[in-house]
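Asker: Could you look at this predicted model? Sequence included:
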Amino acid sequence: MARRRVGVLISGGGSNLQALIDAAADPAYPAEIVLVVCNRPGAFGLERATRAGIATALIDHTEYPDRESFEAEVDAALRAAECEIVCLAGFMRVFTSGFVEGWRDRMLNIHPSLLPSFKGLHVQRQALEAGVKIAGCTVHLVTPDLDDGPILEQAAVEVRDDDDVASLSARILEQEHRIYPKALAALAGGIRIDGRRVRRVGPG
């Protein structure tokens, strides 16, 4: 079976990108990363992609007059590379509904909380202030609503009494690196969406 072609969008260091690169290095993995798009010059994630022999595109959002024109350039780059799936990996821009609908059920995001709890920014601070005993991370399909959409994978992390934002974030990030490749494999292998529930229909 042909591997699905994936574009990854980043803004920074790209540690989740690296997890996907490592997974896709296995010829049996059902997806291959064919393009990495970054909106910030100098981001280390671009170097990760180059080292892995993956094509890159720097599309600096500050050079565009509005979100729509920036998104049009991103969309054009993804389609020129014949991407079938898009993964957001630390991409710090919010897309318009038009862009999201263009990649409906084919775009993944990873969020450092157990959604639907703690959406938005400063997630670990939210969790610590709420006094929860379990935190974690979620990979979900992207919808026009922020940090929403059907869930493919989640991982739980115990919140320790001595945790601060940094220590909790570090343990959650370890789990992100584990579940993002699993979620991409599931989507590439085939899924069925029943309302908000995702069911696998392929080998992923």
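Answerer: Nice, I can see it.
Asker: Span of stretch 187-198 from start to end?
Answerer: Stretch 187-198 has an end-to-end distance of 10 Å (Cα to Cα, to the nearest Å).
Asker: what's the answer for stretch 37-55, then?
Answerer: 9 Å.
Asker: in which helix or strand would I find the closest residue to residue 89 other than its chain neighbours?
Answerer: Closest residue in space to residue 89, ignoring its immediate chain neighbours: residue 16 at 4.0 Å, by Cβ to Cβ, 6 or more residues apart in numbering. Heads up, the C-betas are built off the backbone N, CA and C, glycines and all. Per DSSP states H and E, residue 16 falls inside helix 15-24.
Asker: what comes up buried for that helix?
Answerer: Counting neighbours by 16 or more other Cβ atoms under 10 Å, one finds that the buried residues in helix 15-24 are 15, 16, 17, 18, 19, 20, 21, 23, 24.
Asker: Redo those as a markdown table? Include distance to residue 127 and pLDDT.
Answerer: Output for the buried residues of helix 15-24, formatted as a markdown table (distance: Cβ to Cβ, whole Å; pLDDT from 0 to 100):
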| residue | distance to residue 127 | pLDDT |
| --- | --- | --- |
| 15 | 20 | 97 |
| 16 | 19 | 98 |
| 17 | 24 | 98 |
| 18 | 25 | 98 |
| 19 | 22 | 98 |
| 20 | 25 | 98 |
| 21 | 29 | 98 |
| 23 | 27 | 98 |
| 24 | 31 | 98 |
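Asker: which one of those residues sits closest to residue 77?
Answerer: residue 17 (15.9 Å; Cβ to Cβ).
Asker: Just confirm residue 36 is within a strand.
Answerer: Yes: per DSSP: H, G, I helix; E, B strand; the rest coil, residue 36 lies within a strand segment.
Asker: I'd guessed it sits against residue 6; true?
Answerer: No: with contact defined as Cβ atoms under 8 Å, residue 36 does not reach residue 6; the gap is 9.7 Å.
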